[in-house]
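K.L.:
the following block contains a protein sequence and its predicted model.
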Amino acid sequence: MEVDKAVGLPRLSRVAVCGGTHGNELSGVYLVRELLKEEKEEEEKEQKPLSVMLVLSNPWAVQQCRRYISTDLNRCFTHAMLNGPASDTTPYELLRSRQLNALLGPKGSPEAVDLICDLHNTTANMGLCFITYSDHDWICLHIFKYLQRQMPDIPMRYIHFDVSNKESYSLDSVGKHGFAMEIGPQPHGVVRSNIYTAMKSGVQHMLDWVRLFNSGTIFEGEYVDVFTMVKHIDYPRDRETGNIIAAVHPRLQACRPTSSSGTGVTRNVTPVEQFENICSLNMIHHSRMAAVFV
Ligand SMILES: [Zn+2]
């Protein structure tokens, strides 16, 4: 997408940082807890440089260190699921998604928060990924470019799921702008200091960008590589039972996926990484960002 003219956008006055949407992805859980502690100290000192809502999305799953209790919370934010009937048998996460929609949304309404950053981990060696539903959201694209500049040692990818707003199913879709920040490799139920530190830096730089944006800074247009899902690749499976019958070769295990820009060719990608991070594969296109200002 090419845009040559400048784009003016409203201030981002309400920003939410969410962790623990998946209860066993602990970098975001630990970071939100730490930010909540810092926020309390700032309130005591009456310093409030930027208003940020800090949300532990699935507290019950966090308590049990499980991805979810009844159903995956991060698949519960479609319009149909948020607005359907509720009964005694409604799964916990579906009820929780409606609470979060009341807190951060309602999705698609003028009252929704301006920006949601939802924190996730992956076991794959992916570095830092933005996962979004738009390849032309100037706010998300500019934040991503800013993080790339500020954190040159961390590999980064911008991943686009081509799904309509109504069908978008993850927590970040509730905000006017939103993205998941997913960082790996980190086993579930574990905190690795390097992954935690990368996430903390990413969130701090994201908030710095918002402060710059809100203060009237003009950001020049640039290019971003956007990765789009082409197809799912499964493990080899037993024809009768459906069980997985292959494992990753030791020479490929934990390798970082790479791809050739613009050619559609993918090299050195393990089946596990393809399975878990399929969006990083096969195709790259270029989005040119418009210059944006408040
Ligand atoms: Zn997750």
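P.N.:
Received it, and whenever you're ready, just let me know what you need.
K.L.:
parallel or antiparallel, which strands does the host helix or strand of residue 130 pair with?
P.N.:
Using DSSP states H and E, residue 130 falls within strand 127-132. For strand 127-132, sheet partners with direction are given as strand 156-160 (parallel), strand 177-184 (antiparallel), following DSSP bridges.
K.L.:
make TSV from those strands and add mean pLDDT to it.
P.N.:
Written out in TSV, the entries for these read as follows (pLDDT from 0 to 100):
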stretch	mean pLDDT
strand 156-160	93
strand 177-184	97
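K.L.:
so can I have JSON lines of those showing mean neighbour count and distance to the ion?
P.N.:
Where C-beta positions appear, they are placed from N, C-alpha and C, glycine not excepted. As requested, the strands paired with strand 127-132 are arranged in JSON lines below (neighbours: other C-beta atoms under 10 Å; distance: least, C-beta to the ion, whole Å):
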{"stretch": "strand 156-160", "mean neighbour count": "22", "distance to the ion": "13"}
{"stretch": "strand 177-184", "mean neighbour count": "25", "distance to the ion": "7"}
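K.L.:
quick revisit: what lies in contact with the strand holding residue 130?
P.N.:
Outside strand 127-132, the residues within contact range by C-beta atoms under 8 Å, 6 or more residues apart in numbering are 120, 122, 140, 143-144, 147, 151, 154-161, 170, 172, 178-184, 198-199, 202, 256, 277, 279-280.
K.L.:
again, only using 7 Å
P.N.:
For strand 127-132, contacts defined as C-beta atoms under 7 Å, 6 or more residues apart in numbering pick out 140, 144, 154-161, 179-183, 198, 202.
K.L.:
export that strand to CSV, keeping only CA atoms.
P.N.:
Provided in CSV are the C-alpha atoms of strand 127-132 (Å, rounded to 0.1, in the frame of the first residue of the first chain):
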residue,chain,number,x,y,z
GLY,A,127,12.1,-12.7,18.3
LEU,A,128,9.5,-9.9,18.8
CYS,A,129,6.4,-10.1,16.6
PHE,A,130,3.5,-7.6,16.2
ILE,A,131,0.3,-9.5,15.2
THR,A,132,-2.5,-7.4,13.9
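K.L.:
quick check, that strand touching the ion?
P.N.:
No. If you take C-beta under 5 Å from the ion as the test, strand 127-132 misses the ion, and the best it gets is 9.5 Å.
K.L.:
which parts of that strand are buried?
P.N.:
For strand 127-132, the neighbour count (16 or more other C-beta atoms under 10 Å) marks 127-132 as buried.
K.L.:
what helices or strands is whatever helix or strand comes next after it leaning on?
P.N.:
Elements were assigned by DSSP H and E; along the chain past strand 127-132, the next helix or strand is helix 138-150. Secondary structure elements in contact with helix 138-150, counted by 3 or more C-beta pairs under 7 Å, 6 or more residues apart in numbering; DSSP states H and E, are strand 127-132, strand 156-160, strand 177-184, helix 193-214, strand 223-228.
K.L.:
go through these and name the closest to residue 86.
P.N.:
Ranking these by distance to residue 86, with C-beta to C-beta as the measure, places strand 177-184 first at 24.3 Å.
K.L.:
so what sits opposite the residue in the stretch 51-200 of the chain that the ion sits nearest to in the bridge?
P.N.:
Of the stretch 51-200 of the chain, the residue with the smallest distance to the ion, taken as C-beta to the ion, is residue 120 at 3.4 Å. Applying DSSP bridges to residue 120 yields these beta-bridge partners: residue 182.
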